[in-house]
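In: can you look at this prediction? I've put the sequence above it.
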Amino acid sequence: MIVLELDPVEVQLLRELIAQYEELVTTSEVDPALERLFPTAYTDDADAAAEFAQYTRESLIDIKTANSGAVAAALEADHVVRLSEEDAEHWLPVLTDLRLVLADRLDIRTDDDPVPDDGLGDIYDWLGELQSTLIEALDGPP
């Protein structure tokens, strides 16, 4: 069992991020962050890429929203979140995707790009720390 003790402000922030994330992944609008969440399968063949997206996009959306739903459900109970290993494995792709969206918004393209010292940059770093904590917990003690 993995236990996360989150501040009520952190819980509220995660809830808001999850709601925005679900809206983003299900939108039909053009958003550059979607290219990071649904990368092109065939960069050198637009027709093949479009066909691949046609057959896979809906199932990827279903997976992403199922994972974000699991995170949202875990945040409903309390600021102390208890996760099984399976629960934590739903959290990791969502945290990755949230960081990808923020990276797009912050114009972070590589590991060498600086993270701005502002509110979004702080959220980006915090999500990374939360992700790292979950990975360490899943890996178990050394």
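Out: Noted; the coordinates are in hand. Numbers count the residues shown, from 1 in each chain.
In: where does the chain dip in pLDDT?
Out: Applying pLDDT under 70 to the chain picks out residues 141-142.
In: what ranges does it have for its strands?
Out: With strands called from DSSP state E, the chain shows them at 2-5, 80-83.
In: could you pull out the buried residues of the last one?
Out: Pointing back at strand 80-83 there. Going by neighbour count (16 or more other Cβ atoms under 10 Å), the buried part of strand 80-83 is V81, L83. No exception for glycine: its C-beta is placed from N, CA and C like everyone else's.
In: do stretch 77-91 as well
Out: Across stretch 77-91, burial judged by 16+ other Cβ under 10 Å covers V81, L83, D87, A88, H90, W91.
In: would you convert those residues into TSV that also reports distance to T26?
Out: Formatted as TSV, the buried residues of stretch 77-91 follow (distance: Cβ to Cβ, whole Å):
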residue	distance to T26
V81	24
L83	25
D87	23
A88	24
H90	17
W91	19
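In: so which of the strands of the chain comes closest to L24?
Out: strand 80-83 (23.0 Å; Cβ to Cβ).
In: thinking again about what came up before, reformat the strands of the chain as CSV; add distance to P39.
Out: Output for these, formatted as CSV (distance: least, Cβ to Cβ, whole Å):
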stretch, distance to P39
strand 2-5, 29
strand 80-83, 28
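In: circling back: and of the buried residues of stretch 77-91, the nearest to L13?
Out: Closest approach to L13 among the buried residues of stretch 77-91 (Cβ to Cβ): V81, at 13.5 Å.
In: ignoring the adjacent residues along the chain, who's closest to the closest one?
Out: Excluding its sequence neighbours, the residue lying closest to V81 (Cβ to Cβ, 6 or more residues apart in numbering) is L4, at 4.3 Å.
In: ok, that neighbour - contacts?
Out: Residues near L4 by Cβ atoms under 8 Å, 6 or more residues apart in numbering: V80, V81, R82, L83, L130, T133, L134.
In: what's stretch 127-142 in contact with?
Out: By Cβ under 8 Å, 6+ apart, the surrounding residues in contact with stretch 127-142 are 2, 4, 83, 85, 88-89, 91-92, 95-96, 98-99, 102.
In: need the max-distance pair from these.
Out: Spatially, the most separated pair among the contacts of stretch 127-142 is E85 and L102, at 26.1 Å (Cβ to Cβ).
In: I appreciate the help and will end here.
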